[in-house]
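S.K.: This is the structure alone, sequence omitted:
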């Protein structure tokens with residue numbers, strides 16, 4: 001019998017002129033390339049077939065680089081702390097933050113000590129990128145002209161916003177900008193706090209009892225910045241066959257499925273990062289900090305960061321400090337704050353890859369037992385009909401008498417971590433009798449309706465967020481699903497109910513109704529109130545009420561966000577709990593005035609304002625009201641929208657252009673044969689000249705999905721190009 005790889009080689013190959021090179025490693029590159037076959041389907045999505053897992057890694061990273069090398073390099077410049085070499089002073093403190101945690105020498109040592117199987121994947125990863133650069137002379141890296149295998153250890157977990165991004169850059173700069181940071185500060189920091197990003201993700205799993213096919217189904221709906229991940233398939237003759245979303249530059253499918261099971265990660269799991277307030281004491285021979293009855297010497301080192309300048313690279317050097325808890329990141333209330341987080345890149349990268357080769361719940365659970373995933377919840381489904389939920393993965397044991405949501409006393413040994421919790425002790429669900437489970441970045445105590453875990457059974461640090469408006473919305477749609485199909489699952493994931501306004505609007509309408517008859521605002525606001533009163537609270541492109549409600553709610557958040565932060569409360573919760581009638585009424589007047597100012601009338605449909613536009617391959621997209629765009633009926637997740645469509649802030653245009661929210665989205669049916677549908681924001685390629693730069697834009701803007709091509713015969717039937725790396 002022919003191997004899969006041999007069968008694929010029978011496909012006619014489009015041959016392009018190869019670029020000759022004498023670069024080191026050419027023989028290894030060519031050997032990999034000869035064992036790899038790539039088929040691009042009619043959406044430009046790469047299906048990569050290799051003899052070994054390492055061959056598949058070589059081919060997939062080569063294909064990713066074809067689609068958007070710029071994003072790959074940018075991610076590694078960011079994670080290695082080298083971004084200032086490309087972007088100058090604006091990236092200086094981002095680099096400093098990364099370098100507080102990343103040490104090149106240590107990564108190189110960890111690479112050398114890694115298991116041989118993982119080293120082979122890291123080797124293939126760097127070889128694939130270097131082969132791409134050797135065969136694409138028109139691509140000009142900003143900094144990294146040669147990739148080393150150890151670099152893969154700097155970026156081991158595919159979430160948007162890694163653990164270190166919890167470190168506030170402004171406060172880091174305030175602390176380290178001077179040559180000699182003060183040993184104490186009084187009072188809380190007065191630095192402005194940025195608005196909390198309202199995004200998130202949704203994962204649903206349905207048991208066979210609720211589906212028309214009698215198979216388990218999975219809804220994969222990450223909310224990220226657009227174009228944050230590529231979509232591809234990796235196949236090897238060593239048992240790898242996985243499809244889904246891959247964060248640019250990584251060699252594992254982060255959210256996706258194989259022939260047996262699938263996984264969707266959402267953020268805001270168990271608390272895995274803590275801050276310690278260190279009591280620093282200056283002595284003649286240096287700085288110390290209190291720990292129990294003793295003084296410990298504060299660690300001191302120098303970090304030198306190359307920075308791009310007009311005349312070339314300059315260096316900025318920082319003297320940085322760390323306690324045994326971790327690096328010092330700011331000063332607050334007379335103490336220095338150290339941050340503690342898990343740093344085990346080899347096991348973390350191993351877990352990320354190994355989960356893609358699991359074949360059932362037992363093998364998937366075994367990868368979860370590695371406990372290196374610090375930022376994710378996981379929604380799971382498989383072909384045996386099992387559905388499961390894991391709230392967090394690595395969660396340290398702590399003394400519950402301390403409040404770890406704020407910096408704890410670093411001088412008290414009782415605040416130390418005591419190893420990770422066993423998965424069996426964390427918040428999990430397995431095959432709840434109701435037949436569904438979910439997470440929407442909310443707390444886990446509504447994850448399966450009445451079958452959910454009970455809050456009183458777990459320590460407070462096992463979850464980091466409370467309920468959000470998407471939680472009740474998910475319960476609403478999942479509770480109604482019966483005989484679900486892929487199409488009805490997609491419809492549930494795109495249900496337009498904005499549940500936040502079920503709570504927020506009635507008090508506004510009551511406040512209006514309570515206005516004195518002679519109050520001039522009654523006449524001025526009557527038409528808008530009638531519009532909101534009649535609204536079914538479902539978002540759509542042709543809805544005027546949607547535009548009025550969102551401009552009203554967003555305006556309130558912008559005006560009252562600082563007060564919410566001062567109250568240590570999420571902005572939405574503050575609007576529910578603390579808003580006065582006067583603020584509600586004044587907010588509506590302001591929203592109508594803003595709509596009138598920007599669009600010449602307040603009676604404007606949401607889709608005329610809310611738009612999708614992709615103009616360039618830039619990592620941060622520009623937007624232009626004068627250029628073509630598409631109407632979108634979706635809304636921000638902060639209002640309860642499951643299909644999230646949100647804009648970057650501050651907004652520089654009158655219209656609202658989506659930049660975050662639904663990105664790669666998929667619905668999967670796990671029968672003996674996999675059936676799946678998916679959509680991606682814009683298109684697979686980051687090149688504006690490519691036909692796959694925006695070929696999915698219209699479908700994306702309307703929530704229409706395409707069929708996933710998973711099996712070789714399907715891929716071959718829709719092949720647009722078939723080739724080997726270098727051709």
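M.R.: On my side now, so go ahead. Since the structure is predicted, the reported quantities are computational estimates derived from the model, not experimental observations.
S.K.: For residue 113, give me its contacts.
M.R.: residue 346 (Cβ atoms under 8 Å, 6 or more residues apart in numbering). Every C-beta, even on glycine, is put in place using the N, C-alpha and C of the backbone.
S.K.: Could you report the distance from it to residue 341?
M.R.: From residue 113 across to residue 341, the span is 21 Å (Cβ to Cβ, to the nearest Å).
S.K.: and what of residue 130?
M.R.: 31 Å.
S.K.: and the two? which has more neighbours close in?
M.R.: For residue 130 and residue 341, the more surrounded residue by other Cβ atoms under 10 Å is residue 130, and the numbers stand at 24 against 21.
S.K.: Flag every buried residue along the strand or helix carrying that one.
M.R.: Taking DSSP states H and E as the definition, residue 130 sits inside helix 116-135. Of all the residues in helix 116-135, those buried under the rule 16 or more other Cβ atoms under 10 Å are 118-135.
S.K.: Show me what secondary structure element comes after it.
M.R.: That would be, after helix 116-135 and using DSSP H and E, helix 169-176.
S.K.: ok, the most centrally placed residue in the chain to residue 229 distance?
M.R.: What sits nearest the mean C-alpha location of the chain, by Cα atoms, centre = their mean, is residue 160, with 3.0 Å. Look at residue 160 and residue 229: by Cβ to Cβ, they are 9 Å apart.
S.K.: Which neighbours do the two have in common?
M.R.: 222, 247.
S.K.: Any regions of the stretch 151-300 of the chain where pLDDT drops low?
M.R.: 179-200 (pLDDT under 70).
S.K.: got the residue ranges for the strands in the stretch 551-700 of the chain?
M.R.: 610-612, 630-631, 645-647, 656-662, 665-670, 674-679 (DSSP state E, counting those that start in this stretch).
S.K.: contact partners of the fourth one?
M.R.: To tie it back to what came earlier, the one meant is strand 656-662. 197, 199, 221, 223-226, 609-613, 621, 623, 629, 632, 634, 636-637, 643-648, 679, 681, 700.
S.K.: In this structure residue 65 contacts residue 129, no?
M.R.: Yes - proximity of residue 65 to residue 129 meets the contact threshold set by Cβ atoms under 8 Å, at 6.0 Å.
S.K.: Which neighbours do those two have in common?
M.R.: The contact lists of residue 65 and residue 129 share residue 72, where a contact means Cβ under 8 Å, 6+ apart.
S.K.: coming back round to it: what are the phi and psi values at the residue nearest to the centre of the chain?
M.R.: Residue 160 adopts backbone torsions of phi -80, psi 120, taken as degrees, to the nearest 10.
S.K.: Enumerate every residue touching it.
M.R.: 222, 224, 225, 228, 247.
S.K.: which one of the residues you listed is nearest residue 33?
M.R.: residue 247 (23.8 Å; Cβ to Cβ).
S.K.: The residue lying closest to the closest one once chain neighbours are set aside: how many residues sit nearby?
M.R.: Nearest residue to residue 247, sequence neighbours excluded (Cβ to Cβ, 6 or more residues apart in numbering): residue 158, at 4.0 Å. Residues lying near residue 158 (other Cβ under 10 Å) number 24.
S.K.: rewinding a little: so what does the helix holding residue 130 touch, helix or strand wise?
M.R.: Using 3 or more Cβ pairs under 8 Å, 6 or more residues apart in numbering; DSSP states H and E, the elements in contact with helix 116-135 are helix 26-34, helix 53-80, helix 345-354.
S.K.: tell me the mean pLDDT for that helix?
M.R.: Helix 116-135 comes out with an average pLDDT of 98.
S.K.: between that helix and helix 26-34, how many degrees?
M.R.: On the basis of axes from the mean of the first three to the mean of the last three Cα atoms, to 10 degrees, helix 116-135 is oriented at 100 degrees to helix 26-34.
S.K.: Please confirm that residue 92 is located within a strand.
M.R.: No - read with DSSP: H, G, I helix; E, B strand; the rest coil, residue 92 is helix and lies in no strand.
S.K.: could you measure the residue of the chain most remote from its centre against residue 414, distance?
M.R.: Relative to the C-alpha centroid of the chain, counting by Cα atoms, centre = their mean, residue 518 is the outermost residue, at 51.2 Å. Computed as Cβ to Cβ, the residue 518 to residue 414 distance reads 64 Å.
S.K.: mean confidence for stretch 388-396?
M.R.: Stretch 388-396 comes out at a mean pLDDT of 97.
S.K.: Could you work out the end-to-end span of that stretch for me?
M.R.: Length of stretch 388-396, first residue to last, Cα to Cα, to the nearest Å: 22 Å.
S.K.: now swap in stretch 212-222 and tell me
M.R.: 25 Å.
S.K.: Next, the buried residues of that stretch.
M.R.: Residues 215, 216, 217, 218, 219, 220, 221, 222 are the ones in stretch 212-222 that count as buried (16+ other Cβ under 10 Å).
S.K.: how far is that stretch from where the chain is centred?
M.R.: Averaging C-alpha positions (Cα atoms, centre = their mean, to the nearest Å) puts stretch 212-222 21 Å from its chain's average.
S.K.: now do stretch 507-520
M.R.: The answer for stretch 507-520 is 43 Å, by Cα atoms, centre = their mean.
S.K.: Check which residues of that stretch are buried.
M.R.: Buried, per 16+ other Cβ under 10 Å, within stretch 507-520: 508, 511, 512.
S.K.: Ok, stretch 384-397 next?
M.R.: 385, 386, 387, 388, 389, 390, 391, 392, 393, 394, 395, 396.
S.K.: how far away is the second one from residue 359?
M.R.: Distance from residue 386 to residue 359, counting by Cβ to Cβ: 12 Å.
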